[in-house]
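*Asks:* can't give you the sequence, but here's the structure:
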Ligand SMILES: [Fe+2]
Ligand SMILES: [Fe+2]
């Protein structure tokens, strides 16, 4: 299970704060699964995660648009992969077992770590550079 660690910092505080919240929500999902929390609780937690992911992606997109980030298209394609995965899990939550939910969670956290370490790290470095006040 993914846990917050400073290798996930991208150096742009608003994004780091949202990433920390997403890691916490993924952790809660694991907790719900372990506790055998029932489908309704699991579904609510997954919707909560999907809502936070959507808000976070919108925020990153707004930043990329307003700062004219050159690699925005590629970045959005990566986001699309996670959105599709979350949509699939939510669409099939009544049909799949806990094992499949666990598989989806491990896909989500792998995607998250890979994306944050690469694409978001590049975005964070760019934002930190363009947002630095003039000397
Ligand atoms: Fe991103
Ligand atoms: Fe992100």
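*Replies:* Received it, and whenever you're ready, just let me know what you need. Because the structure is a prediction, the values reported are computed rather than measured. Numbers count the residues shown, from 1 in each chain. Ligands and ions are numbered 1, 2, ... in the order given.
*Asks:* tell me how far stretch 88-106 lies from the chain's centre.
*Replies:* 17 Å (C-alpha atoms, centre = their mean, to the nearest Å).
*Asks:* try stretch 85-92
*Replies:* 15 Å.
*Asks:* try stretch 78-95
*Replies:* Counting by C-alpha atoms, centre = their mean, stretch 78-95 comes out at 12 Å from the chain centroid.
*Asks:* use 857 as the first number for this chain going forward.
*Replies:* Sure, I'll start numbering at 857, so the last one becomes stretch 934-951.
*Asks:* close to ligand 1, is it?
*Replies:* No. If you take C-beta under 5 Å from the ion as the test, stretch 934-951 misses ligand 1, and the best it gets is 5.7 Å. Backbone N, C-alpha and C define where each C-beta goes, glycine included.
*Asks:* buried residues, that stretch. List them.
*Replies:* 935, 938, 942, 945, 949 (16 or more other C-beta atoms under 10 Å).
*Asks:* residues from the chain in reach of ligand 1?
*Replies:* 916, 976.
*Asks:* for the chain, give me the ranges with low pLDDT.
*Replies:* Where the chain drops to pLDDT under 70, the residues are 989-991.
*Asks:* what about the longest helix in it?
*Replies:* Using DSSP state H to assign secondary structure, the helix with the most residues in the chain is helix 895-922.
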